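Enquirer: Sequence plus the predicted model coming up.
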Amino acid sequence: PTAPLGGLRVRQRAALRVEVLALYRRYFPDQRGRLIVLAGPSGVGKGTIVSWITSRFPNFVVSVSATTRPKRPGEREGEHYYFLSPGEFQALIAQGDLLEWAVVHGEHQYGTPRGPVEALLDEGKHVILEIDVQGAKQVKRAVKRALSIFITPPSFEALHDRLSSRGTESEPERRRRLVTAERELRRQKEFDYVVVNDTVEKAGQSIVDLALASRDPQATKE
Ligand code: 5GP
């Protein structure tokens, strides 16, 4: 009777919260949001599709990655990426704070901060990770219920044209991205679904439909 609010003290409340969350995750996996992994070659239009989805469906959000890549003009800290030094990135890895991470285009490190993703899933949000193929594999291994989707261009030529017209990369960087793209395209069979980006509306709607429709049968076994 002397304890504050609800008969529980601060630490007891925190411990109870952790326990309830663990039970909730275990017995009500369908109440949590869906973790959606979107991969596909650079320039295929993942970013545009993700913006299309998140601007129309408030239950879908995109995770902000950490990277050691330098900021491009127009990019904002915490919105496009968390721009970190190699040392800061290493610290996140060491603390187990990344859900996955990879060196992309043989150059910089990119990774998904774990905490914010878990918190959003607990809120029932569907969280989109826009990451590379190596990272997608790691997420599928760690999170069985994750839905992995590979976005392909209508043709390789379309991808080449897109990368050239974007003009954000230097010529050597563009070539490096096309090499990665070819390698990534070969791995699309490893994904749960493949969505062709012929129009942003069709691709975006397909992803939303897949996320909402495909309740993983594993969910009831967990
Ligand atoms: P950019 O340098 O153009 O922003 O991103 C290059 C590539 O890095 C993207 O196509 C995406 O596949 C990958 N990427 C972005 N964030 C992450 C992440 O958190 N983890 C992994 N594994 N790859 C990422």
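Expert: Noted; the coordinates are in hand. Numbering: from 1, shown residues only.

Enquirer: Can the helix or strand bottoming out on mean pLDDT in the chain be said to contact the ligand?
Expert: Within the chain, no helix or strand scores below helix 156-166, which has a mean of 79 by mean pLDDT, DSSP states H and E. No. Helix 156-166 stays out of contact with the ligand when judged by C-beta under 6 Å from any ligand atom, the minimum separation being 9.7 Å. C-beta: built from backbone N, CA, C; applies to glycine.

Enquirer: Report the next helix or strand after that helix in sequence order.
Expert: Next in sequence after helix 156-166, counting helices and strands by DSSP states H and E, comes helix 171-185.

Enquirer: Next, find the distance separating the spatially most central residue of the chain from the ligand.
Expert: For the chain, the residue nearest the mean C-alpha position is residue 129 (0.9 Å; C-alpha atoms, centre = their mean). Separation of residue 129 from the ligand (C-beta to the nearest ligand atom, to the nearest Å): 7 Å.

Enquirer: So that residue: helix, strand or coil?
Expert: Counting by DSSP: H, G, I helix; E, B strand; the rest coil, the backbone at residue 129 sits in strand.

Enquirer: What residues does it make contact with?
Expert: 35-38, 62-63, 65, 99, 112, 117, 135-136, 139 (C-beta atoms under 8 Å, 6 or more residues apart in numbering).

Enquirer: Beta-bridge partners for it, please?
Expert: According to DSSP bridges, the residues that bridge with residue 129 are residue 37.

Enquirer: Show me how far the longest helix seen in the chain is from its chain's centre.
Expert: The longest helix of the chain (DSSP state H) is helix 10-27. Centre-to-centre, helix 10-27 and its host chain are 26 Å apart (C-alpha atoms, centre = their mean, to the nearest Å).

Enquirer: what's the answer for stretch 77-89, then?
Expert: Relative to its chain's centre, stretch 77-89 lies at 16 Å (C-alpha atoms, centre = their mean).

Enquirer: What of stretch 177-191?
Expert: Relative to the centre of its chain, stretch 177-191 is centred 17 Å away, using C-alpha atoms, centre = their mean.
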